[in-house]
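how does the following fold in three dimensions:
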Amino acid sequence: MSQTLYDIPLRRIDGSAETLAASRGKVLLIVNVASKCGLTPQYEGLEQLYRRYRDAGLDVLGFPANDFAGQEPGSDEEIAQFCSTSFDVSFPLYAKTSVVGAEAHPLYRQLTAERPDAIGEGPMRQRLADYGIAPNPLPQVLWNFEKFLVGRDGRVLARFAPDVTADDPRLTDAIESALAAPG
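Numbers count the residues shown, from 1 in each chain. This is a model prediction of the structure:
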């Protein structure tokens, strides 16, 4: 039997080891996050999504990544402190994780393999190019705050470009549909 998302070893931001097995049967929104990015204010919307839908079965999972212009330079402890004091983040955070290239964590290799294209793809890619930043080719993660929606059955249902915000109807409608679906 092949490895599922629930089997991949992970490390929480406090250093403890775990897998996503405890989230089996929940809808997951997996997001690579950064503290020093123009998109960092998305933490606020992600926290609002988590508080709005967690009782219905949504877990928002934050994976800090320093893969994009060094925008997550802090230690895990510094990241946890920033998220708590700046955005009152209560959703689970994981240890700093590489999400692109040869060093990409197995979780992100599986997510991008299952969903190589992102909804809302385009504007952010062009903005990066306009700034002289060569965007990663698909299926790699484009930038900070890319979002992967995982259904209750563990399948990756959708992927959203970094500039698709937490209140974007494309994202909220997909979350609500996933929450309404049987496990």
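
next structured bit after the strand or helix carrying Arg109?
In this structure, Arg109 is located in helix 106-114 according to DSSP states H and E. Moving toward the C-terminus from helix 106-114, the next helix or strand (DSSP H and E) is helix 123-130.

now do the buried residues in stretch 175-183.
For stretch 175-183, burial by neighbour count (16 or more other CB atoms under 10 Å) applies to Ile175, Ala178. Where you see a C-beta, it was placed from the backbone N, CA and C, and this is true even at glycine.

residues in contact with the residue nearest to the spatial centre of the chain?
Averaging the C-alpha coordinates of the chain gives a centre point, and the residue nearest to it by CA atoms, centre = their mean is Val31 (0.9 Å). Taking CB atoms under 8 Å, 6 or more residues apart in numbering as the contact definition, Val31 lies against Leu46, Val60, Leu61, Gly62, Phe63, Phe145, Glu146, Lys147, Phe148.

and it, bridged to which residues?
Taking DSSP bridges, one obtains Gly62, Lys147 as the residues bridged to Val31.

in the least confident helix or strand in the chain by mean pLDDT, what counts as buried?
Least confident helix or strand of the chain, by mean pLDDT, DSSP states H and E, is helix 123-130 with a mean of 91. Under the neighbour-count criterion of 16+ other CB under 10 Å, helix 123-130 has Met124, Arg125, Leu128 buried.

list the helices and strands that helix packs on?
Other elements packing on helix 123-130 under the criterion 3 or more CB pairs under 8 Å, 6 or more residues apart in numbering; DSSP states H and E are absent; no helix or strand qualifies.

where's Glu44, which helix or strand?
For Glu44, the secondary-structure element it belongs to, assigned by DSSP H and E, is helix 42-53.

quick one: distance of that helix to the chain centre.
12 Å (CA atoms, centre = their mean, to the nearest Å).

need the contact partners of that helix.
27, 29, 31, 33, 58-60, 62, 83, 86-91, 145, 165-167, 172, 175, 179.
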